[in-house]
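> My questions concern the predicted model and sequence given below.
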Amino acid sequence: MQQHPSIIAGLLLALLLLFSCSSGEEILKEEIPPVQPEEKIAVSFSGRIDLVETKAGNEGTPETQALRKDVNVTIRAYMQPSISQPAAAPQSCRDYLAADGGGLAVKNGEEEMFLTAGTYTFYALS
């Protein structure tokens, strides 16, 4: 009895997939160390952030345009202890200057924003 080659190839592929799966074994061998609760991480904002101004037009519909260079932007970071409990006061606040292409640079040579690990909501005001 002669078997079709695709049947044999399919069976071999199924066996290969079955034996290549392992229960509970991690594929990622390099461990990333966890962030300690007291450790602060630098937060920066790049030109890929969606920075826009909205103004009411004649018809009452907002017009959107990119921020102009040298516009002052204040970014506030509010930590959220839980989804249902937003923070009342900002955890951190920094002043930035808008650059060409929507990028941001920290104003007056201040240091970057540093935050502890957690969930944050960011607000940019200009």
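Great, that's in hand.

> Ends of stretch 90-104, what's the gap?
Stretch 90-104 has an end-to-end distance of 20 Å (criterion: Cα to Cα, to the nearest Å).

> Just the mean pLDDT for that stretch, thanks.
For stretch 90-104, mean pLDDT rounds to 83.

> Report the buried residues of that stretch.
Of the residues in stretch 90-104, 90-92, 94, 96, 98, 102-104 count as buried by neighbour count, 16 or more other Cβ atoms under 10 Å. Backbone N, C-alpha and C define where each C-beta goes, glycine included.

> out of these, which are inside strands?
92, 94, 96, 98, 104 (DSSP state E).

> My guess is the fourth one contacts L104. True?
Right, the one you point to is A98. Yes: at 6.2 Å, A98 counts as touching L104 under the criterion of Cβ atoms under 8 Å.

> how about the strands in this structure?
Using DSSP E, the strands of the chain run over 40-43, 52-56, 62-66, 72-79, 92-98, 104-106, 113-116, 120-125.

> Kindly reformat those as JSON lines containing distance to A9.
JSON lines is the format used below for those (distance: least, Cβ to Cβ, whole Å):
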{"stretch": "strand 40-43", "distance to A9": "50"}
{"stretch": "strand 52-56", "distance to A9": "55"}
{"stretch": "strand 62-66", "distance to A9": "55"}
{"stretch": "strand 72-79", "distance to A9": "55"}
{"stretch": "strand 92-98", "distance to A9": "59"}
{"stretch": "strand 104-106", "distance to A9": "55"}
{"stretch": "strand 113-116", "distance to A9": "53"}
{"stretch": "strand 120-125", "distance to A9": "52"}
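
> what's around the closest residue to I75 other than its chain neighbours, how many residues?
Among residues not flanking I75 along the chain, A124 sits closest, at 5.1 Å (Cβ to Cβ, 6 or more residues apart in numbering). By the criterion of other Cβ atoms under 10 Å, A124 has 17 neighbours.
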